[in-house]
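1. Fold the following.
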Amino acid sequence: MAGTETYPPLHETMLRLDDLQRSQVAVLTNRLLETAGEPLDSAEWLDAARAASAHLPVELRTALRSFRHDAGPDAVLLIRNLPAGPAVPPTPAEADSVERTPTTSAAVITMAMLQLGEVIAFRNEKRGALVQNVVPVPGRERQQSNAGSVQLEMHSENAFHPHRPDYVGLLSVREDPTGVARLCTSSIRRALPLLSEGTRRVLSEPRFLTEPPPSFGAQGTAPLAHALLTGAADDPDLLVDFAATHPLDDQAAAAMAELGDALTRTTLALSLRVGDLAVVDNRLAVHGRTPFTPRYDGSDRWLHRVYASLDYRRSRAERENGGAVLR
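-> Alright, predicted model coming up:
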């Protein structure tokens, strides 16, 4: 999947808030910050954010609800001109950076994602924080993780996990000052017509293994063989991580290579501006990032990341005391 230089025009669903709608979100956010208290990960704060999300501008709620119903051919929703805060501190550069205290940007992305499902996190990933920072970290440039700055290979988020999120939200708090870093997405709905029937058949069989990332290594469970395409043959779900998924035989390797080529040919790339929220349907699309060169001076690219799950009940056994954090 590496080495892509050019991309087709963007086709993603997009909503740009006008000034009135942006002001409405800002007023709602300020009210939430004044009344909900903290910490950000508490059940009480989530309850308050969930209630507040019902009062988001109707155009925003409609876009999110429509995307939940059908993610469209590209399986990514872009919402522009959201408030990101009156003053943004320097971009953090420490490993496992998260948000624990409510801020404007953290509140905005949480409310938006609560219109898609229930917000979740994973105990072994950034200490179970619900709002995680995606920032470059010194010394981790070559990692295939949100802390790296080399090309991030296309992947389904937490592909190895049985309760991986249905949606991944990425809110831009600070743009990449070089303008080079871009979010890349590719949908199986675009790529499927490019695959041969034989390849589709192989990809639909349990002939692949996906390893957990280093942060989840302590789980101690061996990965199970799985298919990369599941569900309806004419509109399947996609599950793959090109940095961590391994074919079990030569035929599977060839099929995965063909899939990678089809996804590359249908990749979209997006430079996220401050206040842009990109939501990726994690069942239909993979995502990654172009390489960039961090400055580590407080001006680097900074995203908030929040996960949402449609079927909260399905993961109840993995969530202690019914909270939002999975084991």
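2. When you work out contacts or count neighbours from here on, use the C-alpha atoms and nothing else.
-> Noted.
3. Roughly how far does the residue nearest to the spatial centre of the chain sit from N282?
-> Centroid-nearest residue in the chain, with CA atoms, centre = their mean: V168, separated by 2.8 Å. Distance of V168 to N282, computed by CA to CA, to the nearest Å: 7 Å.
4. Find the residues that touch each one of the two.
-> E157 (CA atoms under 8 Å, 6 or more residues apart in numbering).
5. Tell me the neighbouring strands of the lowest-mean-pLDDT helix or strand in the chain, and mark each as parallel or antiparallel.
-> Here the helix or strand of the chain ranked lowest by mean pLDDT, DSSP states H and E is strand 13-16, holding a mean of 90. Here strand 13-16 is paired, per DSSP bridges, with strand 76-80 (parallel).
6. Give me the mean pLDDT for the helix or strand following the partner strand.
-> Per DSSP states H and E, strand 76-80 leads on to strand 98-99 as the next helix or strand towards the C-terminus. Mean per-residue pLDDT for strand 98-99: 94.
7. I'd like the distance from strand 98-99 to the chain centre, please.
-> Offset of strand 98-99 from its chain centre (CA atoms, centre = their mean, to the nearest Å): 16 Å.
8. Give the rounded mean pLDDT of the following helix or strand past that strand.
-> Later in the chain than strand 98-99, the nearest helix or strand by DSSP H and E is helix 104-114. Summarised as a single mean, pLDDT over helix 104-114 is 98.
9. who touches L77 in this structure?
-> Shown in contact with L77 (CA under 8 Å, 6+ apart): 12-14, 67, 71, 278-280.
10. I'd like to know how far it sits from L28.
-> According to CA to CA, L77 stands 22 Å off from L28.
11. Kindly report the same for T185.
-> Separation of T185 from L28 (CA to CA): 31 Å.
12. what about the chain, any weak spots by pLDDT?
-> For the chain, applying pLDDT under 70 flags the ranges 1-12, 214-215, 217-221.
13. if we can go back for a sec, next structured bit after the least confident helix or strand of the chain?
-> Where DSSP H and E defines the elements, the next helix or strand beyond strand 13-16 is helix 19-35.
14. Which strands and helices lie in contact with that next one?
-> Counting contacts by 3 or more CA pairs under 8 Å, 6 or more residues apart in numbering; DSSP states H and E, helix 19-35 is packed against helix 43-53, helix 104-114.
15. and of those helices, who's closest to N321?
-> Closest to N321 of the helices and strands packed on helix 19-35, according to CA to CA: helix 43-53, at 10.7 Å.
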